[in-house]
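Student: Fold the stuff below for me.
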Amino acid sequence: MACGCQKNRKQFEVVSSAGKVVYTGSSEPVAKGVAKRYPDSTVREKAKPGAATT
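Tutor: All right, here's what the predicted structure looks like:
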């Protein structure tokens, strides 16, 4: 039986100023470190599949 521990784990994305996702990972501090390499980039929590995006 598969492990279900990944379903509740937060994922973070680094989005460049052009709107392209340049990094996805489960560690917010690493995502913030990657974001420093891209001017005007942002770190956001990745939306879960099936979540409403409005």
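Student: How about S27, nearest residue that isn't a chain neighbour?
Tutor: F12 (7.2 Å; C-beta to C-beta, 6 or more residues apart in numbering). Yep, even glycine has a C-beta here, placed from its N, CA and C like the rest.
Student: wait, the one you found sits on V22?
Tutor: No: between F12 and V22 there is no contact under C-beta atoms under 8 Å: 11.8 Å.
Student: Low-confidence stretches in the protein?
Tutor: Filtered on pLDDT under 70, the chain yields the residue ranges 1-7, 49-54.
Student: what's near enough to touch E28?
Tutor: Taking C-beta atoms under 8 Å, 6 or more residues apart in numbering as the contact definition, E28 lies against 10, 12, 43.
Student: Just list whatever residues bridge to the second one.
Tutor: Spelled out, it's F12. Counting by DSSP bridges, F12 is bridged to G25, E45.
Student: burial count for it?
Tutor: Counted by other C-beta atoms under 10 Å, the residues lying close to F12 total 20.
Student: Could I get the contacting residues of it?
Tutor: Applying C-beta under 8 Å, 6+ apart, we find F12 in contact with 24-28, 31, 43-46.
Student: thought S17 was touching D40?
Tutor: Yes: under the criterion of C-beta under 8 Å, S17 makes contact with D40 at 3.9 Å.
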